[in-house]
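1. Task: produce atomic coordinates for the following.
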Amino acid sequence: VRVISKRLRKLAQRIQGNMGTMNHILDENIKGQKIVKIYAGARHEKSKFKHAVHQIRNATIKSEVATSASTPIIELLIVCVISLIIYLMAQQAKAGELTPGAFLSYTIMMGLLPSPIKKLMRINEHIQRGLAASDGIFAFLDEAAEPMQSSTAGAAKPLQCRGELQFNNVDFAYGAGEAKTTVLSHFNLHIAAGETVALVGASGSGKSSLAALIPRFYEVSSGEILLDGQAITDLDLQALREQIAFVNQDIVLFDDTVERNIAYAVPAEDIDRAAVERAAQLAQANDFILRMDNGYDSNIGESGQRLSGGQKQRLAIARAIYKDAPIIILDEATSALDSHSESKVQQALDSLMQNRTAIIIAHRLSTVKNADRIVVLDNGQIVESGTHAELLAQKGHYFYLNQS
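-> Residues are numbered from 1 along each chain as shown. Just a heads-up that it's a prediction; the model follows:
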């Protein structure tokens, strides 16, 4: 039974994995059906799907074979055990130690045992499949949760911060061991309260990773980050994130109304409609919102599928404006906007960032010209720092990025 159970569980795990692969292929094909069509990839995708289905079929057949093979083995064992018991009871009856009635009763009861034993073996197959399916669930549940409270007793909960940031000898890497990829090494940077700092550099230079460390989406490998002179690891995590508005290049919107997306996570009874409309106007989103059937009460669909890329980005900017946080992180926040809309949104962002600490990440250098300071990163290190004019005059990394 133990051997068969191990075999069934291993096959069930294989079936679960192949089912996941098949569903992933289906999801990719449905979402990317335009690319599949334009590149004539139907045959390739069909081959991938058939291979996944073939793997599921093979594993399922092997599982059924293992289950079916166990039945005659169990029946043989049952017959052998019953025969042995009957032989022993016959010996006792012959010696006068067992009455004929008792012998008959035991024999009848043993004759009833094979059926429930075989049913239990059949149930074992379902149990092993269930255990295999639960492995992934329990692995997910066993993942360490974010430390919402600081390890320091009485974690600080700032009501409103000034926004001064200090990176002291910060090291950060993805992965561990041979798969470790170092992103930042002995990184030092001071951002004054109310200062607008732009981070520029080639792809993979560590700009987005640096910004993600501030709200503690990742933890630093060594060193520390200070907010208003206090280590962010000593702050209550939720309180820390309440001080930050974040707009990144991968826009996330929810299957809800325009108003609820702009005033995200605010209880319905506490939403300030006037503030929502003002945020939308500053983000140049008011016009297209009013053209929708129900205006601010229009549902935008799953992941904002009823909106264009530029409209999604403007809604995300409006959400950041509505939050009115003292620290703003803009990671390619205007990448999906046309030149006309970008100019208008940039004006809104300029007014929004006044008296706030702003960190701007952009590849289009035209969006960072007005920053108080531009920091050029290369391989996780600061190679240049200064204003737009100063960096152009140096004719270094920034100059060549500007020329490209």
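
2. Quick one: name whatever helix or strand follows the longest helix seen in the chain.
-> The helix that spans the most residues within the chain, counting by DSSP state H, is helix 42-94. Using DSSP states H and E, the helix or strand that follows helix 42-94 in sequence is helix 100-111.

3. Just the mean pLDDT for the following helix or strand past that next one, thanks.
-> Downstream of helix 100-111, the next assigned helix or strand under DSSP H and E is helix 114-141. Averaging pLDDT along helix 114-141 gives 78.

4. now for helix 114-141, which elements pack on it?
-> helix 2-31, helix 42-94 (3 or more C-beta pairs under 8 Å, 6 or more residues apart in numbering; DSSP states H and E). For glycine as for every other residue, the C-beta is placed from the backbone atoms N, C-alpha and C.

5. and among the ones you listed, the most buried is which?
-> Most buried of the helices and strands packed on helix 114-141, by mean neighbour count (mean count of other C-beta atoms under 10 Å): helix 2-31, with a mean of 16.

6. next SSE after that helix?
-> Using DSSP H and E, the first helix or strand after helix 2-31 is helix 33-38.

7. who's in contact with that following helix?
-> Contacts to helix 33-38, defined as C-beta atoms under 8 Å, 6 or more residues apart in numbering, come from residues N29, G41, A42, E45.

8. which of those lies closest to V258?
-> When the contacts of helix 33-38 are compared for distance to V258 (C-beta to C-beta), N29 wins out at 30.7 Å.

9. Show the pLDDT at the nearest residue to that closest one once chain neighbours are set aside.
-> Excluding the flanking residues, the one nearest N29 by C-beta to C-beta, 6 or more residues apart in numbering is E45, at 5.4 Å. E45 carries a pLDDT value of 91.

10. Is E45 in contact with L26, as I believe?
-> No. With contacts counted by C-beta atoms under 8 Å, E45 stays clear of L26, the gap being 9.6 Å.

11. quick one on the thing from earlier: can I get the helices and strands packed on helix 114-141 in CSV including distance to A393?
-> As requested, these are arranged in CSV below (distance: least, C-beta to C-beta, whole Å):
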stretch, distance to A393
helix 2-31, 47
helix 42-94, 52
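
12. Which one, of those, ends up nearest to H186?
-> helix 2-31 (39.9 Å).

13. Give the other helices and strands that that closest one contacts.
-> So helix 2-31, by 3+ C-beta pairs under 8 Å, 6+ apart, packs with helix 42-94, helix 114-141.

14. State the mean pLDDT of it.
-> 86.

15. could you give the angle of it to helix 42-94?
-> 160 degrees (axes from the mean of the first three to the mean of the last three C-alpha atoms, to 10 degrees).

16. now helix 2-31, how far from the chain's geometric center?
-> Relative to its parent chain, helix 2-31 has a centroid offset of 21 Å by C-alpha atoms, centre = their mean, to the nearest Å.

17. Make CSV out of the helices and strands packed on helix 2-31 and add distance to R314.
-> Shown next, in CSV, are these (distance: least, C-beta to C-beta, whole Å):
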stretch, distance to R314
helix 42-94, 34
helix 114-141, 35
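
18. So which of those helices is nearest Q311?
-> Closest among the helices and strands packed on helix 2-31, using C-beta to C-beta: helix 42-94, at 30.4 Å.

19. Now do that closest one: which elements does it pack against?
-> Using 3+ C-beta pairs under 8 Å, 6+ apart, helix 42-94 sits against helix 2-31, helix 100-111, helix 114-141.

20. With respect to T196, which of these lies nearest?
-> That would be helix 2-31 among those, by C-beta to C-beta, at 36.8 Å.

21. who's in contact with the closest residue to M110 other than its chain neighbours?
-> Computed as C-beta to C-beta, 6+ apart, the closest residue to M110 that is not its neighbour in sequence is I82, at 5.0 Å. Applying C-beta under 8 Å, 6+ apart to I82 gives the contacts M110, G111, L113, P114.

22. cutoff 10 Å now
-> For I82, the contacting residues are T107, M110, G111, L113, P114, by C-beta atoms under 10 Å, 6 or more residues apart in numbering.

23. One more: N58?
-> Counted by C-beta under 10 Å, 6+ apart, N58 has contacts L11, R14, I15, N18.

24. Quick check: pLDDT value at the nearest residue to the second one once chain neighbours are set aside.
-> Beyond its immediate neighbours in the sequence, the residue positioned closest to R14 (C-beta to C-beta, 6+ apart) is A59, lying 4.5 Å away. The predicted structure scores A59 at 88 on the pLDDT scale.

25. quick one, what contacts V79?
-> P114.

26. if I look at it, how far off is L88?
-> Using C-beta to C-beta, to the nearest Å, V79 is found at 15 Å from L88.

27. all strands of the stretch 301-404 of the chain, in order?
-> Listed in chain order, the strands of the stretch 301-404 of the chain (DSSP state E, counting those that start in this stretch) span 327-331, 357-361, 373-378, 381-386.

28. how about the third one: buried residues?
-> Along strand 373-378, the positions that meet the burial threshold by neighbour count (16 or more other C-beta atoms under 10 Å) are R373, I374, V375, V376, L377.

29. Many thanks, have a good one.
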